[in-house]
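Chemist: here is the input, now give the coordinates:
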Amino acid sequence: MEPTATLRGGNLGQVLEKSLCVIDRSVYILIGIVCNATQVTDMPSSNGDQHQRLTLNAADGYPLGATLFAASQPVGQILVGSATGVPRGFYRRFAEYATARGYTTLTLDYRGVGESRPATLKGFEMDYLDWARLDLAAALDHLHQPELPTFMVGHSFGGHAFGLMPNHQHVSGLYTFGTGAGWHGWMPVAERLKVLTMWRVVAPLLTRSKGYLAWSKLGMGEDLPLGVYRQWKRWCRYPRYFFEDPAMPGLEEQFAQITTPIIALNATDDLWASPASRDAFMSAYRQADYQGLTLIPAEAGLPPIGHMGYFRPSAQPLWQDALNWFDQLRQSRQAA
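Modeler: This next block holds a predicted model:
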């Protein structure tokens with residue numbers, strides 16, 4: 001049972017401050033937030049490729065902010081599936097890198113995040129899985145062209161989302177970074193304690209005060225809708241994430257139907273999505289042509305990766321590996 005906090009004769013801000021002092025700042029990485037994500041601007045890049053801001057409409061009519069990075073001579077297309085709560089601007093450098101190499105790339109803000117956020121999150125109702133079933137599905141419908149292969153690059157939740165998308169059959173290959181089950185038991189002991197304190201102390205106080213997970217009030221980045229917080233917290237109780245949630249029947253069977261080629265890469269210093277955590281989740285893609293890759297950053301000549309470093313500029317060799325794999329899939333498709 002979730003502990004409760006009773007506030008008497010005190011200031012809520014003081015209580016929050018005292019609660020937060022026991023949490024290391026790194027705990028906030030758990031929700032995939034980047035506080036200083038770069039915003040995308042509409043301007044041509046140096047190689048002539050064009051960046052275009054878009055508003056996409058999901059199947060339920062919800063408007064979504066997106067950016068299309070159009071290659072001048074496209075050989076393929078990439079849809080970026082963001083991590084939980086991460087604005088699309090964080091993936092700009094990757095999108096520019098891929099576009100310069102011939103891959104038109106689309107990034108988007110999920111509903112409730114970035115430019116897809118309503119005027120207030122208080123009272124904003126949504127299902128966590130809407131990000132996959134509605135938002136990413138709309139982005140894929142917009143991007144997909146039969147004459148060009150379409151690929152997907154996932155980050156954390158992006159690897160979860162692929163199996164939930166109703167139109168995933170249009171994707172010729174998924175390369176995902178840092179995807180795993182969110183169970184605290186997969187984490188080192190110190191991180192486990194931080195995460196449990198967040199779920200059981202800090203987050204309940206914040207949501208009770210604001211009606212949503214108000215990280216921005218503490219300078220921690222993007223706020224999250226209440227529904228996302230509640231579902232995410234529940235799924236993190238299970239070693240295999242939402243596959244073990246009694247309220248989510250049928251997901252295992254749905255994922256088992258997917259045959260798309262998939263690579264999932266996880267760094268050994270990713271405390272939120274370790275290789276063991278990845279294996280626990282990705283095993284659901286049991287009919288896919290799947291390969292799990294484990295990265296030891298120091299041995300690869302890379303700085304620490306953690307959970308967010310896959311999309312920082314220093315990780316360009318990882319981006320190139322993904323594009324090389326997409327090239328191989330393209331060539332196989334052409335030869336067929």
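Chemist: next, the buried residues of stretch 185-192.
Modeler: Within stretch 185-192, the residues scored as buried using 16 or more other C-beta atoms under 10 Å are 186-187, 191. Quick note: C-beta positions are derived from backbone N, CA and C, even for glycine.
Chemist: considering those residues, which member attains the minimum pLDDT?
Modeler: For the buried residues of stretch 185-192, the model is least confident at residue 191; its pLDDT is 92.
Chemist: kindly provide the distance from the residue lying closest to it once chain neighbours are set aside to residue 190.
Modeler: Using C-beta to C-beta, 6 or more residues apart in numbering and skipping residues adjacent in sequence, the residue nearest residue 191 is residue 271, 4.7 Å away. Distance, residue 271 to residue 190, using C-beta to C-beta, to the nearest Å: 9 Å.
Chemist: report the distance from stretch 143-151 to the chain centre.
Modeler: 22 Å (C-alpha atoms, centre = their mean, to the nearest Å).
Chemist: in a strand, residue 179, correct?
Modeler: No - secondary structure assignment (DSSP: H, G, I helix; E, B strand; the rest coil) places residue 179 in coil, not in a strand.
Chemist: does residue 298 sit in a helix, a strand or a coil?
Modeler: coil.
Chemist: any buried residues in stretch 194-214, and which?
Modeler: By 16+ other C-beta under 10 Å, the buried positions in stretch 194-214 come out as 194-195, 197-199, 201-207, 210, 212-214.
Chemist: which of those residues fall in helices?
Modeler: 194-195, 197, 203-207, 210 (DSSP state H).
Chemist: can you pull out the strands in the stretch 151-300 of the chain?
Modeler: For the stretch 151-300 of the chain, the strands defined by DSSP state E, counting those that start in this stretch cover 171-177, 262-267, 290-295.
Chemist: could the ones you listed go into JSON lines alongside distance to residue 61, mean pLDDT and mean neighbour count?
Modeler: Output for those, formatted as JSON lines (distance: least, C-beta to C-beta, whole Å; pLDDT from 0 to 100; neighbours: other C-beta atoms under 10 Å):
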{"stretch": "strand 171-177", "distance to residue 61": "24", "mean pLDDT": "98", "mean neighbour count": "25"}
{"stretch": "strand 262-267", "distance to residue 61": "31", "mean pLDDT": "98", "mean neighbour count": "24"}
{"stretch": "strand 290-295", "distance to residue 61": "35", "mean pLDDT": "98", "mean neighbour count": "16"}
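Chemist: now those strands as a markdown table including distance to residue 253?
Modeler: As requested, those are exported to a markdown table (distance: least, C-beta to C-beta, whole Å):
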| stretch | distance to residue 253 |
| --- | --- |
| strand 171-177 | 19 |
| strand 262-267 | 18 |
| strand 290-295 | 17 |
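Chemist: of all these, which one is nearest residue 322?
Modeler: For residue 322, the closest of the strands of the stretch 151-300 of the chain is strand 171-177, at 4.2 Å, according to C-beta to C-beta.
Chemist: elements contacting the closest one?
Modeler: Contacting strand 171-177 under the criterion 3 or more C-beta pairs under 8 Å, 6 or more residues apart in numbering; DSSP states H and E are the following elements: strand 150-155, helix 157-162, strand 262-267, helix 316-335.
Chemist: for the ones you listed, which one ends up most surrounded?
Modeler: helix 157-162 (a mean of 28; mean count of other C-beta atoms under 10 Å).
Chemist: what residue is smack in the middle of this structure?
Modeler: The centroid of the chain falls nearest to residue 83 when counting by C-alpha atoms, centre = their mean (1.5 Å).
Chemist: ok so, going back, between the ones in helices among the buried residues of stretch 194-214, which sits nearest residue 105?
Modeler: Distances from residue 105 to these, taken by C-beta to C-beta, are shortest for residue 195, at 32.0 Å.
Chemist: residues contacting the nearest residue to that closest one once chain neighbours are set aside?
Modeler: In space, and not counting its chain neighbours, residue 195 is closest to residue 184: 4.9 Å by C-beta to C-beta, 6+ apart. Residues in contact with residue 184 (C-beta atoms under 8 Å, 6 or more residues apart in numbering) are 191-192, 195-196, 236.
Chemist: could you rerun that using 10 Å?
Modeler: By C-beta atoms under 10 Å, 6 or more residues apart in numbering, the contact set of residue 184 is 30, 191-196, 198-199, 236-237, 239, 272.
Chemist: quick one: least confident of those?
Modeler: Lowest confidence among the contacts of residue 184: residue 30, with 39.
Chemist: which one, of the helices and strands packed on strand 171-177, ends up nearest to residue 94?
Modeler: helix 316-335 (5.7 Å).
Chemist: next helix or strand past the helix or strand bottoming out on mean pLDDT in the chain?
Modeler: Scoring the helices and strands of the chain by mean pLDDT, DSSP states H and E places helix 12-20 at the bottom, with a mean of 39. Next in sequence after helix 12-20, counting helices and strands by DSSP states H and E, comes strand 50-57.
Chemist: buried residues in that next one?
Modeler: 51, 56.
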